[in-house]
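Engineer: Turn this into a model:
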Amino acid sequence: MKLLIELPTWLGDCVMATPAIENIANFYNDTQITFIGSFVSIEAMKNHPKVVKTLVLDRKYSVLYKTAKELGKFDAFFSFRSSYRSKFLKFFISSKNKYQFDKNRFQHRHQVKKYNDFFNSSVDTNFPASKLVLYTDHSNKDRSIRKLGINPGASYGSAKRWYPKEFAKVAAQLSDQYDIVIFGGSGEKDIAMDIEKSLIEKGVSNYKNLAGNTTIPELINFISKLDLFITGDSGPMHVAAAFQIPTVAIFGPTKDDETSQWMNDKSIIVKKNLECQPCMKRTCPLQHHECMKLITAVEVLDAVKGLN
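Structural biologist: Numbers count the residues shown, from 1 in each chain. The predicted structure is shown next:
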């Protein structure tokens, strides 16, 4: 059974789609999957055992038409995107069975359920949404060294980011128990460097700054071997959930009931309950950012204690 699956664009959304993708793969017999999508999503999913081909999409309309024709015929096409470009692509894909996620239809539930309900409604079945699944070189952890990962960035926008000095305070307090790993994308090097400078000022030397220096598969592999993760609402947060990493997740403008870690019993959310939350904005529309500013290092450290 030849399947074509268009993946969500963002890393976190892609990870949250994995229970639905596993259900798709198991629903059909002798599945051969072609994944198409963003560079990030393809890098995250290219090691799936049933994948035979991957393609990073060029979003130009003229190229999408050409791509659809070159991909060939499929028994079924599932798109986890609801954009106009994806609808355009779907029109030209050669398949008798074509299904597209509609964000306006699937609302007011966790994102994992949204994606899984989309699959179930498409083929008229009732598969449960199980745990997140990522395939990586998940070799054994080095048990002699406990590792704390901190992830200060969030590609969505600055409103989701907690403050570097607060991250550094937490990391410094825990540095006698863990070696520290700072994560971040290429656009988050400055934030990571601010944390690194603060750690140096506090006399902390057992850290590694990986911001901007990992591929997506390397990022996944590093996170899979952590003993503790402190992060905002981000793609790496969902990666940690896939490996059941004990996590403190710091939420500000986003809906934790829709994008919190899925099925990770070792997860604690730290947030304020302000009247302006959740605004779902990339930057604070009120320009005070109190949903993040009011969260203290002490609160996060207390949450870490709550995981033990």
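
Engineer: roughly how far apart are the residue lying farthest from the centre of the chain and Ala168?
Structural biologist: Centroid-distance maximum for the chain: Gly203 at 32.2 Å, with CA atoms, centre = their mean. In this structure, Gly203 and Ala168 are 12 Å apart, going by CB to CB, to the nearest Å. Placement of C-beta: from N, CA and C, glycine included.

Engineer: Ok, Gly306 next?
Structural biologist: Distance of Gly306 to Ala168, given as CB to CB: 21 Å.

Engineer: What residues of the helix or strand where Val40 lies count as buried?
Structural biologist: Here Val40 is covered by helix 39-45, with elements defined by DSSP states H and E. Buried residues in helix 39-45, counted by 16 or more other CB atoms under 10 Å: 40-45.

Engineer: now that helix: mean pLDDT?
Structural biologist: Helix 39-45 comes out with an average pLDDT of 98.

Engineer: got it, and stretch 281-295?
Structural biologist: Rounded mean pLDDT across stretch 281-295 is 96.

Engineer: In that stretch, which residues are buried?
Structural biologist: Residues of stretch 281-295 classed as buried by neighbour count (16+ other CB under 10 Å): 281, 284, 289, 291-292, 295.

Engineer: Equivalent analysis for stretch 75-93, please.
Structural biologist: Buried residues in stretch 75-93, counted by 16+ other CB under 10 Å: 76-82, 86, 89-90, 93.

Engineer: Verify the stated contact: Tyr65 with Phe91.
Structural biologist: No. Look at Tyr65 against Phe91 with CB atoms under 8 Å: they stay out of range, at 9.2 Å.

Engineer: On the pLDDT front, check the residue farthest from the centre of the chain for me.
Structural biologist: pLDDT recorded at Gly203 is 98.

Engineer: Assign a three-state SS to it, would you?
Structural biologist: coil (DSSP: H, G, I helix; E, B strand; the rest coil).

Engineer: what's the domain layout of the protein?
Structural biologist: With automatic domain parsing as the criterion, the domains of the chain are listed as 2-123, 147-307.

Engineer: TSV for those, including distance to Asp137?
Structural biologist: Output for these, formatted as TSV (distance: least, CB to CB, whole Å):
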stretch	distance to Asp137
domain 2-123	8
domain 147-307	6
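
Engineer: Give the bridge partners for Thr247, please.
Structural biologist: Phe229, Ser267 (DSSP bridges).

Engineer: Who are the contact partners of it?
Structural biologist: Counting by CB atoms under 8 Å, 6 or more residues apart in numbering, Thr247 touches 228-231, 237, 240-241, 261, 264, 266-268.

Engineer: From those residues, list the buried ones, please.
Structural biologist: 228-231, 237, 240-241, 261, 264, 267-268.

Engineer: Looking at those residues, spot the one nearest Val181.
Structural biologist: Closest approach to Val181 among the buried ones among the contacts of Thr247 (CB to CB): Phe229, at 9.4 Å.

Engineer: No further questions, thank you.
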